[in-house]
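1. the sequence and its predicted three-dimensional model are supplied below.
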Amino acid sequence: MNSHLKEVVGSVLSVIGTIEAAVGSTPFQHLSDETKFNLRLQGNVLQATGAGLSADGQNSISLELIGDQTQAIGNTVVISGLLLKVNQVTSQRLIITGNSFQAVGSFVGLADEFFDHTPSGRSFNIIGGLLQGIGNSLQAKGGSEQLNDKKDGQRIGVIGSWIQAIGSVLSLIGQIKEETQEIQLGINE
C-alpha cells in the first residue's frame, strides 16, 4: 500500500473508530452496558490503528507524524484503561491520560498544516484537527469530573466524543483532498 493510500485508509479507520466510540459513550438506553463498552473499546482500537497507519504513511519526520504517533499512543492508553480492571480510579486515570495524549496529538498534527506544501484540504484539516483536539480535551475534562463525582462529567465527555467524531470526518475530507493534490503534483509528504 502506498503512502497516500495509507494516510487515507488511516483517516477512514479513525472516522469509524471515533463514531463507534462516541456511540458507545452516549447513554442510549436501548444499548446494554456491554455493547457500549465494546463500541468504546473497538472504536479506540480502530482509532489507534488508523493513527498508526497514517503515521506509517509519512515519508519524513514532521509534526503530522509526531501528532499521529501521539494520537496512537493516546488511544492505546485509553484501551489499557478500558481493559485493565485493577480498580475504577486507575482505569479512569488511564482513560483521562489517553484522551489528553490524543488532544496533544491533534494539536501537534494541526500545526503541521501551516507548513504543508499542498493547500488543498488545508481548511478541512485545520478545522478537523482543532475539533478533534477540543473533543479529546473535553473527554479528558469529563473523565476528571466523573473521577471527582461531579454530575456533568459524563455529559461533558459525550459532547467531547461527538465533537471529536465531527472533527475526524472533516479531517478525512481534508486528507482525501490533500492526498489527491499530492498525487497530481507528484509529491509525497
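-> Arrived safely.
2. and residue 120, what element?
-> Following DSSP states H and E, one finds residue 120 outside all helices and strands.
3. check contacts around it.
-> 177-178, 180-181 (CB atoms under 8 Å, 6 or more residues apart in numbering). C-betas here are computed from N, CA, C, even on glycine.
4. can you check residue 62 too?
-> 112, 115, 189.
5. thought residue 169 was touching residue 127, still the case?
-> No: judged on CB atoms under 8 Å, residue 127 makes no contact with residue 169 at a distance of 10.6 Å.
6. quick one: the closest residue to residue 122 other than its chain neighbours from residue 5, how far?
-> The shortest distance from residue 122 to any residue other than its chain neighbours is 5.5 Å, reached at residue 113 (CB to CB, 6 or more residues apart in numbering). To residue 5, residue 113 is 20 Å away according to CB to CB, to the nearest Å.
7. show me which of those two is the more surrounded one.
-> residue 113 (24 against 13; other CB atoms under 10 Å).
8. ok, the more buried one - contacts?
-> Residue 113 neighbours (CB under 8 Å, 6+ apart): 64, 122, 125-126, 129.
9. and residue 166, by the same measure?
-> 131, 135.
10. can you check residue 145 too?
-> Per CB under 8 Å, 6+ apart, neighbours of residue 145: 152-153, 156.
11. just residue 160 next, same as before
-> Residue 160 touches 99, 134-142, counting by CB under 8 Å, 6+ apart.
12. cool, and residue 70?
-> 101-102, 104-105, 108.
13. what does residue 176 give?
-> Contacts of residue 176 by CB under 8 Å, 6+ apart are 8, 11, 121.
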